[in-house]
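1. here are the coordinates; sequence isn't available:
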């Protein structure tokens, strides 16, 4: 699809989204691929900075009362997914590799009743100029500093300091559910 046509389609798409999500702010030119799926609840807050690009399918779900902030000049590769029930803040210049997933929520579960439909959530912050490589999963309660590289196949939870490189040793750990 020609870039100018994609920009026009995004202008129409976000204008229609503003009819449902009144707290939607979109700044500048957006280039979300036509296969992208953007589901914004009526009472959520979404701010998308200038020059956001998605190459291929990108799924973003923002629930009621949740907040999503995407900074300027962000890039989402094929099959990116962001699920927001609380708060996700993505800084300026953040790049997602293929198949990156960001979840600020998790299903509640127990050994007595298994997995429930209820969730708990904690905010996620991804600092400026961070690169999340292929197949990275960012879990609730994570803060990633600025200028970080999160290597392929990492599952990230907790605090990652500025200017860090995170890699996966590939070791599988199994423990009983408590």
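-> Alright, I've got the coordinates. These figures come from a predicted structure and were not determined experimentally. Residues are numbered from 1 along each chain as shown.

2. Give me the residue at the spatial middle of the chain.
-> Against the mean C-alpha coordinate of the chain, by C-alpha atoms, centre = their mean, the closest residue is residue 82 at 3.3 Å.

3. And it, what's its pLDDT?
-> Per-residue confidence (pLDDT) for residue 82: 98.

4. same thing with residue 177?
-> 61.

5. cool, and residue 159?
-> For residue 159, pLDDT reads 96.

6. Go ahead and confirm it touches residue 143.
-> Yes. Using C-beta atoms under 8 Å as the test, residue 159 is close enough to residue 143 to be in contact (5.0 Å). Where you see a C-beta, it was placed from the backbone N, CA and C, and this is true even at glycine.

7. Helices of this structure, residue ranges please.
-> Along the chain, counting by DSSP state H, helices occupy 3-20.

8. got the contact list for the strand of greatest length in it?
-> Criterion DSSP state E: the longest strand present in the chain is strand 114-121. Strand 114-121 has contacts (C-beta atoms under 8 Å, 6 or more residues apart in numbering) with 85, 86, 104, 105, 106, 107, 108, 109, 140.

9. In strands only, show me these.
-> 105, 106, 107, 108, 109.

10. and the fourth one, how many neighbours does it have?
-> The one in question is residue 108. Using other C-beta atoms under 10 Å, residue 108 has 12 other residues around it.

11. residue contacts, it?
-> Contacts of residue 108 by C-beta under 8 Å, 6+ apart are 115, 116, 118, 119, 120.

12. beta partners of the first one?
-> Here residue 115 sits in beta bridges with residue 109, as judged by DSSP bridges.
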